[in-house]
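Asker: sharing a model prediction with you, sequence too.
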Amino acid sequence: MNFLYTFISLLTASFLFQVSVADARQDSERHRFQSNHMGSVFTIVIYDGDVAAAKSAADAAFAMIEDLNQIMSDYLPESELNRFSASASSGEWSSLSEPLFDILQQSVQISESTGGLFDVTAGPLTRAWRMARMMPEPQLPDSLELAGLLQQIGYRNLLLNEKDKVGQLAAEGMRLDLGGIAKGYAAEMAMHLLREKGFPVSFVDAGGDITLGDPPPGRNGWEVAVPLSKRNPELGYIMIQTSNRTVTTSGDMFQYITVNGVRYSHIINPHTGLGSTAQQQATVVSRSGTWADAYASALTLMEPEEAMELIDTLPDTEAILFRNNGDELLEWRSAGMSLFILGE
């Protein structure tokens with residue numbers, strides 16, 4: 001059988017992905033929609049014979065994503081997240097919407113499992129690094145400034161009461177940043193909505209957090225290409241095949257700053273307040289879009305062996321990690337990751 005392969009190039013905040021889709025049916029049955037949310041281009045692909053129904057479902061998914069953005073953005077002054085951050089050290093409990101409580105609760109759980117290397121209370125640090133990256137000649141925060149920022153961070157000061165769905169920020173100056181988890185959460189929720197509307201053969205690309213539904217017609221799964229190195233394009237890419245999972249890659253391939261000859265990742269280590277210098281790239285494949293997004297970032301801050309040990313404790317979650325070591329690219333895999341890599 002001859003298949004038509006269509007490659008959708010997705011330039012993300014971190015990586016260039018390609019989703020390879022083999023279409024065994026007519027082109028008109030594959031529908032692609034795009035909309036801007038959360039600072040990224042969201043792409044929804046739906047396989048169905050009714051383009052009007054597919055568009056209606058995609059529009060509903062985009063509307064839900066924007067609703068989540070209004071809740072979770074740290075850029076929008078009046079977002080629910082920023083209003084909650086403004087209550088820091090007030091001693092007051094704030095009522096939280098179901099989505100915000102859910103993502104904060106999952107964030108704390110991920111913080112605990114990573115020893116705090118994933119921490120949504122790192123907002124003061126990420127804001128400082130955003131400013132540094134915009135400078136013509138970026139500079140690191142001085143030691144006094146860095147010490148002050150670190151005092152404002154700590155997921156243990158994010159207090160949540162599940163019974164009443166309320167939260168409290170216990171330390172002065174705390175500021176939340178969901179940039180490492182919100183898009184994965186949004187893509188997962190959007191895929192749930194598409195399923196509820198009768199479109200399981202779909203995928204949602206949240207600017208690189210790719211949540212996949214049932215396989216496209218005539219295929220065993222969706223294929224996601226992950227480049228191995230920007231510095232050495234000849235290394236090529238790995239092709240991951242899967243369905244009903246999220247694939248997320250994180251690292252410093254595209255976003256970093258160089259200060260005094262040292263390359264610092266945009267992913268900040270909450271323990272040190274500095275961007276990682278390890279030049280690691282992690283790809284996570286998980287049933288949970290929220291987990292895939294958050295753990296992909298955290299793994300880039302961990303020693304590779306420790307990272308794989310952690311992933312092997314998580315249900316329905318696998319990972320592959322690469323580290324640039326001069327001209328050599330080192331690789332580590334979780335126990336079940338090879339099952340998702342084509343050509344092996």
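Answerer: Perfect, thanks for sending it. Just so it is clear, the model here is predicted, and its values are computed rather than measured. Residues are numbered from 1 along each chain as shown.
Asker: any idea how far Arg333 lies from Phe322?
Answerer: 10 Å (CB to CB, to the nearest Å). For every residue, glycine as well, the C-beta is placed using N, CA and C.
Asker: flag the shaky bits of this structure, pLDDT-wise.
Answerer: 1-28, 229-235, 253-254 (pLDDT under 70).
Asker: all helices of the chain, in order?
Answerer: 51-72, 80-85, 98-113, 123-134, 143-151, 182-196, 289-299, 304-311 (DSSP state H).
Asker: mean neighbour count for those helices - can I get that in CSV?
Answerer: Below are the helices of the chain laid out as CSV (neighbours: other CB atoms under 10 Å):
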stretch, mean neighbour count
helix 51-72, 18
helix 80-85, 19
helix 98-113, 19
helix 123-134, 17
helix 143-151, 13
helix 182-196, 24
helix 289-299, 29
helix 304-311, 18
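Asker: now the ones you listed in a markdown table, with distance to Val166?
Answerer: Output for these, formatted as a markdown table (distance: least, CB to CB, whole Å):
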| stretch | distance to Val166 |
| --- | --- |
| helix 51-72 | 15 |
| helix 80-85 | 10 |
| helix 98-113 | 8 |
| helix 123-134 | 20 |
| helix 143-151 | 25 |
| helix 182-196 | 20 |
| helix 289-299 | 21 |
| helix 304-311 | 30 |
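Asker: tell me which of the ones you listed lies nearest to Glu172.
Answerer: Nearest to Glu172, of all the helices of the chain, is helix 143-151, at 8.3 Å by CB to CB.
Asker: got a list of contacts for the closest one?
Answerer: Pro124, Leu125, Ala128, Leu140, Pro141, Ala171, Gly173, Gly273, Leu274 (CB atoms under 8 Å, 6 or more residues apart in numbering).
Asker: hmm, try it at 10 Å
Answerer: 122-129, 140-142, 171-173, 268, 270-274 (CB atoms under 10 Å, 6 or more residues apart in numbering).
Asker: and if you look at stretch 302-315?
Answerer: 110, 113-115, 117, 269, 276, 278, 280, 282, 284-288, 291, 295, 298-301, 317-323, 330-337.
Asker: can you show me the CA trace of it as PDB?
Answerer: The C-alpha coordinates for stretch 302-315 follow below in PDB (Å, rounded to 0.1, in the frame of the first residue of the first chain):
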ATOM      1  CA  MET A 302      19.600  15.800  37.000                       C
ATOM      2  CA  GLU A 303      22.500  13.400  36.700                       C
ATOM      3  CA  PRO A 304      21.500  11.000  33.900                       C
ATOM      4  CA  GLU A 305      21.700   7.900  36.000                       C
ATOM      5  CA  GLU A 306      19.500   9.500  38.700                       C
ATOM      6  CA  ALA A 307      17.100  10.700  36.100                       C
ATOM      7  CA  MET A 308      16.600   7.300  34.600                       C
ATOM      8  CA  GLU A 309      16.100   5.800  38.100                       C
ATOM      9  CA  LEU A 310      13.400   8.300  38.800                       C
ATOM     10  CA  ILE A 311      11.600   7.700  35.500                       C
ATOM     11  CA  ASP A 312      11.600   3.900  36.100                       C
ATOM     12  CA  THR A 313       9.500   4.500  39.200                       C
ATOM     13  CA  LEU A 314       6.800   6.300  37.300                       C
ATOM     14  CA  PRO A 315       3.800   4.500  35.700                       C
END
